Every structure is written in structure tokens, then in C-alpha cells.
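1. Got a predicted model here, sequence first, then my questions.
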Amino acid sequence: MAKNTICVWYDKDAEAAARFYAETFPDSSVGAIHRAPTDYPSGKKGDVLTVEFKVAGVACAGLNGGPMFKHTEAFSFMITTEDQAETDRYWNAIVGNGGQESACGWCKDKWGISWQITPRVLLEAMAAGGDEAKRAFEATMTMRKIDVAAITAARRG
């Protein structure tokens, strides 16, 4: 396990989530699966307790901790995309697998984890600053899934 690992709390589906992420995003994989050595408040001895996994190269651990804590948009995975096809592929994988759309490039997977599917053109517009950033930002505020062509047009004015 990496020295710094993001730990994500799941009710009971950490392994299923990790497998979905590994199938969906490049440089993603499922590592060690650890089972509970004894009964615990939200599970039994032998249940999957933690799962080590990577999402787009980032080390993570999934903890099956039960329903006590719920996810919020205060935490999200941000995936940078190169074009509309890649944006669509990830967005559709998350939303089409029991997830839900949100605003401004955000969506949630079926486990309640928030994702930002963010085309590089939007990040570049924001980094440019000034009127270009303002126009791109205002265009983004009207979107659910980010439209690369609309952001490109907004950057030009």
C-alpha cells in the first residue's frame, strides 16, 4: 500500500466499486482484498472489510464500514479528459451504471461517490484567466456533462 492512500467508506460494496473503477478508467486496478478477522458492527467474520485499488494511478482503499457515514460532494474524484469522446465515455459509464447526473461536470456513481469529469480545455480556459476564463466558467455553469465544443467556443468569445 502507498504511504498516502485515499480511504473511501462504502456501506458494503467496496469490492464491486473497485472492480467497476478498474474496468472503467485506465491505470486502475484492484489489489489486495482483506476479510474481517471477526464479526464487527456492520459485518461478519470473513466479509470483505477493505479493498486496495487504484483509480487513474491514485492509490485508494475501500472500507466496508456500513451505513453510518454518507458521501457528499465535499469529496470527489476529478478525471481530466482530452476530448468529448473521452468525456462521454466516462460520464456515460458512471451515470449509465446506476449513477446520477449533477451540474457543471459532476456526477455520482451508484455508491454515492462524486466524480468530476473535466475536459482539459476547461482547465486551460480557467488557467488563462480574464475574460476567457469568465466566458468558459459561465458556459460551464449551464451544463451537466461538459460540452467540449461549447467551452472551446466560449473561450474564443
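-> Done, it's in. Numbering: from 1, shown residues only.
2. how about the helices in the protein?
-> Here the chain has its helices, by DSSP state H, at 14-24, 84-95, 120-128, 130-140, 148-156.
3. and of those, who's closest to H71?
-> helix 14-24 (11.1 Å; C-beta to C-beta). Where you see a C-beta, it was placed from the backbone N, CA and C, and this is true even at glycine.
4. returning to that earlier point: rebuild the helices of the chain as TSV, extending it with mean neighbour count, mean pLDDT and distance to M78.
-> Formatted as TSV, those follow (neighbours: other C-beta atoms under 10 Å; pLDDT from 0 to 100; distance: least, C-beta to C-beta, whole Å):
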stretch	mean neighbour count	mean pLDDT	distance to M78
helix 14-24	19	98	14
helix 84-95	18	98	11
helix 120-128	17	98	9
helix 130-140	15	98	14
helix 148-156	16	97	16
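5. Quick one: closest of those helices to F53.
-> helix 14-24 (3.8 Å).
6. Report the distance from the closest one to the chain centre.
-> Averaged C-alpha coordinates place helix 14-24 at 11 Å from its chain's average position (C-alpha atoms, centre = their mean, to the nearest Å).
7. Same question for stretch 110-119.
-> For stretch 110-119, the distance to the chain centre is 4 Å (C-alpha atoms, centre = their mean).
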